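> Pasted the sequence and its predicted model underneath.
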Amino acid sequence: MGRLSGAWLKSKLKFLKNMDCPDQARCFEILQLVLDEEADEAQRERFELQIKNCMPCYKRYNLDVAIKDVLKNKIEVKSVPEDLVDSIKFKIKNAT
Ligand SMILES: [Zn+2]
């Protein structure tokens, strides 16, 4: 079993939050809709266009998806299988 501390995740999120996005409010709004699976087709298209042109938000999106996977699978964040930790670390490494 590996360890994935909340503090570590928080520091990653803080790092991403500090990244520069030219249109953060709009990106974040679309991002939330897509992550919550509430975006309609037009919003998804806009998201894909926007995210391709916005590296900070693209990275944030990847991290959010990785975290969401953990939460969705109802896995204890403090005690998760080693391979899952590795896969999250890999995703985050690619995202940062
Ligand atoms: Zn953005």
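Yep, that arrived.
> near the ion, which residues of this structure?
Along the chain, the residues adjacent to the ion under the rule CB under 5 Å from the ion are Cys21, Cys27, Cys54, Cys57. Yep, even glycine has a C-beta here, placed from its N, CA and C like the rest.
> With neighbour count and pLDDT as added columns, please give these in a markdown table.
Converted to a markdown table, those look like this (neighbours: other CB atoms under 10 Å; pLDDT from 0 to 100):
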| residue | neighbour count | pLDDT |
| --- | --- | --- |
| Cys21 | 18 | 79 |
| Cys27 | 21 | 81 |
| Cys54 | 22 | 84 |
| Cys57 | 25 | 82 |
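> mind putting those in TSV, secondary structure and distance to Lys68 included?
Listed next are the residues of the chain next to the ion as TSV, based on DSSP: H, G, I helix; E, B strand; the rest coil; distance: CB to CB, whole Å:
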residue	secondary structure	distance to Lys68
Cys21	coil	20
Cys27	helix	17
Cys54	coil	19
Cys57	helix	16
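> Assign the residue positioned nearest the centre of the chain to helix, strand or coil.
Most central in the chain under CA atoms, centre = their mean is Asp64, positioned 1.8 Å from the mean C-alpha point. The three-state label given to Asp64 by DSSP: H, G, I helix; E, B strand; the rest coil is helix.
> that older thread, turn the residues of the chain next to the ion into TSV, columns for distance to Ala7.
Formatted as TSV, the residues of the chain next to the ion follow (distance: CB to CB, whole Å):
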residue	distance to Ala7
Cys21	24
Cys27	26
Cys54	27
Cys57	24
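> Model confidence score at Pro81, please.
According to the prediction, Pro81 has pLDDT 65.
> now swap in Glu41 and tell me
92.
> Next: the one 3 residues further on.
Reported pLDDT at Arg44 in the predicted model: 86.
> Helix or strand: which one has it?
helix 41-52 (DSSP states H and E).
> Can you show me the CA trace of that helix as PDB?
Output in PDB follows, covering the C-alpha atoms of helix 41-52 (Å, rounded to 0.1, in the frame of the first residue of the first chain):
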ATOM      1  CA  GLU A  41     -22.300  19.400 -26.600                       C
ATOM      2  CA  ALA A  42     -21.600  23.000 -27.400                       C
ATOM      3  CA  GLN A  43     -19.900  23.600 -24.100                       C
ATOM      4  CA  ARG A  44     -17.800  20.500 -24.500                       C
ATOM      5  CA  GLU A  45     -16.700  21.700 -27.900                       C
ATOM      6  CA  ARG A  46     -15.800  25.000 -26.500                       C
ATOM      7  CA  PHE A  47     -14.000  23.300 -23.600                       C
ATOM      8  CA  GLU A  48     -11.900  21.300 -26.000                       C
ATOM      9  CA  LEU A  49     -11.000  24.300 -28.100                       C
ATOM     10  CA  GLN A  50     -10.200  26.400 -25.000                       C
ATOM     11  CA  ILE A  51      -8.300  23.700 -23.200                       C
ATOM     12  CA  LYS A  52      -6.000  23.100 -26.200                       C
END
